[in-house]
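**Student:** 3D model of this:
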Amino acid sequence: MVNPDVASPGLSADTTVASVPGPLAGTRAPEPVADLTGMRRNDLAAALSRAGVPKSELDLRGTQIRTWIYRKGATSLNCAIGLPKALRARLGESCTIGRPEIARRQLSVDGTRKYLLRLGDGSLVETVYIPEPDRGTGTLCLSSQVGCTLTCRFCHTGTQRLVRNLTAAEIVGQLLVARDDLGDWNTLPGTGRRITNVVLMGMGEPLFNTDAVIRAMQVVRDHEGIAISRRKITLSTSGVVPEIARVGTEIGCMLAISLHATTDALRDRLIPINRKYPLAELLQACRDYPRLSNAERIIFEYVMLKGVNDSDDDARRLIALIDGIPAKVNLIPFNPWPGAEFECSDPDRLRRFGDIINRAGYSSPVRTPRGADILAACGQLRSDSLRRGRRTLRESPDSPMSGSLSRSEIHGRRDTSAVPTLNRS
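**Tutor:** Below is the predicted model:
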């Protein structure tokens, strides 16, 4: 376990814990093997029933197991004092308490930690911990997929083809591994926890893996689970319109929309899913969001790309688009990555853009880049897992990432001939 306050000799800015394997042997998620991690109450009760626990004891044993897994950080039930020895033995034969393995840990100069995690089948995902020392809090950025299917042009993850969805256990497991590394166990909310907030803003589109994400976040919310309040969980989507309402009704978390453009022509090019769910449909889904109120505003994320989407006219169109929606606008300076075709807007341009949004009555903070020196900032995540037999987008000569934006796309005239279709494979 790493001392969270002092860098030890074993934790340099880039610490390799184990070697990283080559391409995967298969593309399918591993078959679930009764992994207790990520099980909701009813799922755990069913597993215990199969292990022979009487119905009258299911609630008690379930509470005991959740306490050991999510409060004490147990990786085995052998140490679970209070559980009958015979039950521990039966569960040990049929169940596991899964954890991803840290393949590489990187520490930024600003305290941000990036974890490259190896899953059970050898797939790799990245998870980022962002501390806020002045507040005594910290945010964990979780991945929901290995790779991504969206190919957003400004996002490094978009250069990596989708390998597979993560299971609920693998999503929750990212949080458990981070708590292991930070020594964040035996703590309750408000008592010195290092991880107080969770954002689903890592690798992948969460709403292309909605079922697993919902199951995982219900465990994270459960007061007998990880016990993070729903209002401290934020899910970011590029705009999978049919799934947005489920986020509000089944998780109840905060919603962030990766907007990044104010015309369909430009958004088609930057975020290809816009061809399927254009701005009008996306914004109507926002207006219909079940949790929408002045106290629970939608966050519109807007990456600032020099000469592409940062004009005064873009700011005014943005105001018109979100008119009537309780919202705030997060302005995100573009974080460069190897091979990126964009530059960040100049500071003066960014300030002027924000001033226009502010004068319209919307909060528009500029997100401070964190972990950029280790490629852990917004839009910089990418692992080395590749679908076998496929080239990465950057290797493909007909990739939708190739080519520059046309003038018509930048200035709002829809040129559909140059827009790639959405590939969900």
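
**Student:** ok, now which ones touch residue 117?
**Tutor:** Residue 117 is in contact with 100-103, 124-127, 173-174, 177, counting by Cβ atoms under 8 Å, 6 or more residues apart in numbering. Where you see a C-beta, it was placed from the backbone N, CA and C, and this is true even at glycine.

**Student:** hmm, try it at 6 Å
**Tutor:** 100, 125, 127 (Cβ atoms under 6 Å, 6 or more residues apart in numbering).

**Student:** Residue ranges in the stretch 1-150 of the chain under the pLDDT threshold?
**Tutor:** For the stretch 1-150 of the chain, applying pLDDT under 70 flags the ranges 1-33.

**Student:** residue ranges of the helices in it, please?
**Tutor:** Applying DSSP state H, counting those that start in this stretch to the stretch 1-150 of the chain gives helices spanning 41-50, 58-66, 85-94.

**Student:** Residue 305: which of the ones you listed is closest?
**Tutor:** Nearest to residue 305, of all these, is helix 41-50, at 43.2 Å by Cβ to Cβ.

**Student:** tell me what the closest one is packed against?
**Tutor:** The contact analysis (3 or more Cβ pairs under 6 Å, 6 or more residues apart in numbering; DSSP states H and E) places helix 41-50 against helix 58-66.

**Student:** Next, the buried residues of the helix it packs on.
**Tutor:** The neighbour-count check on helix 58-66 (16 or more other Cβ atoms under 10 Å) flags 58, 61-62, 64-66 as buried.

**Student:** Using CSV, write out every CA atom in that helix.
**Tutor:** Provided in CSV are the C-alpha atoms of helix 58-66 (Å, rounded to 0.1, in the frame of the first residue of the first chain):
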residue,chain,number,x,y,z
LEU,A,58,-29.9,-13.5,4.1
ASP,A,59,-30.1,-9.8,5.2
LEU,A,60,-27.7,-10.3,8.1
ARG,A,61,-25.1,-12.2,6.0
GLY,A,62,-25.4,-9.7,3.1
THR,A,63,-24.8,-6.8,5.4
GLN,A,64,-21.7,-8.5,6.9
ILE,A,65,-20.3,-9.2,3.5
ARG,A,66,-20.9,-5.7,2.2
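
**Student:** tell me what that helix is packed against?
**Tutor:** Applying 3+ Cβ pairs under 6 Å, 6+ apart, we find helix 58-66 packed against helix 41-50.

**Student:** can I see the domain layout of the protein?
**Tutor:** Per the record, the chain has its domains at 41-94, 101-418, by automatic domain parsing.

**Student:** Could you say which of those is packed most deeply?
**Tutor:** Comparing those by mean neighbour count (mean count of other Cβ atoms under 10 Å), domain 101-418 ranks first with a mean of 19.

**Student:** any idea how far that one is from the chain center?
**Tutor:** 6 Å (Cα atoms, centre = their mean, to the nearest Å).

**Student:** Please apply the same query to stretch 92-106.
**Tutor:** Remark: stretch 92-106 is offset 19 Å from the chain centroid, using Cα atoms, centre = their mean.

**Student:** Distance across that stretch, terminal residue to terminal residue?
**Tutor:** Stretch 92-106 has its terminal residues 33 Å apart, counting by Cα to Cα, to the nearest Å.

**Student:** Repeat that for stretch 333-349.
**Tutor:** End-to-end for stretch 333-349, by Cα to Cα: 11 Å.

**Student:** what do you get for stretch 150-170?
**Tutor:** 21 Å.

**Student:** still on that earlier bit, out of the buried residues of helix 58-66, flag the one nearest to residue 291.
**Tutor:** residue 66 (25.8 Å).

**Student:** And the pLDDT at the closest residue to the closest one other than its chain neighbours?
**Tutor:** In this structure, residue 66 finds its nearest non-sequential neighbour in residue 224, 4.6 Å apart by Cβ to Cβ, 6 or more residues apart in numbering. As predicted, residue 224 sits at a pLDDT of 92.

**Student:** Next, format the domains of the chain as JSON lines and append distance to residue 34.
**Tutor:** Listed next are these as JSON lines, based on distance: least, Cβ to Cβ, whole Å:
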{"stretch": "domain 41-94", "distance to residue 34": "5"}
{"stretch": "domain 101-418", "distance to residue 34": "10"}
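
**Student:** returning to that earlier point: turn the contacts of residue 117 into TSV, columns for distance to residue 345.
**Tutor:** What follows is the contacts of residue 117, written out as TSV (distance: Cβ to Cβ, whole Å):
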residue	distance to residue 345
100	36
125	30
127	28
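
**Student:** where does the stretch 301-425 of the chain have low pLDDT?
**Tutor:** For the stretch 301-425 of the chain, applying pLDDT under 70 flags the ranges 369-372, 374-425.

**Student:** again, only this time at 90
**Tutor:** 333-345, 366-425 (pLDDT under 90).

**Student:** Mind jotting down where the strands sit in it?
**Tutor:** 327-333 (DSSP state E, counting those that start in this stretch).

**Student:** Show me where it has its helices.
**Tutor:** 312-321, 347-359, 407-410.

**Student:** Take those and lay them out in TSV including distance to residue 155.
**Tutor:** Formatted as TSV, the helices of the stretch 301-425 of the chain follow (distance: least, Cβ to Cβ, whole Å):
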stretch	distance to residue 155
helix 312-321	19
helix 347-359	19
helix 407-410	17
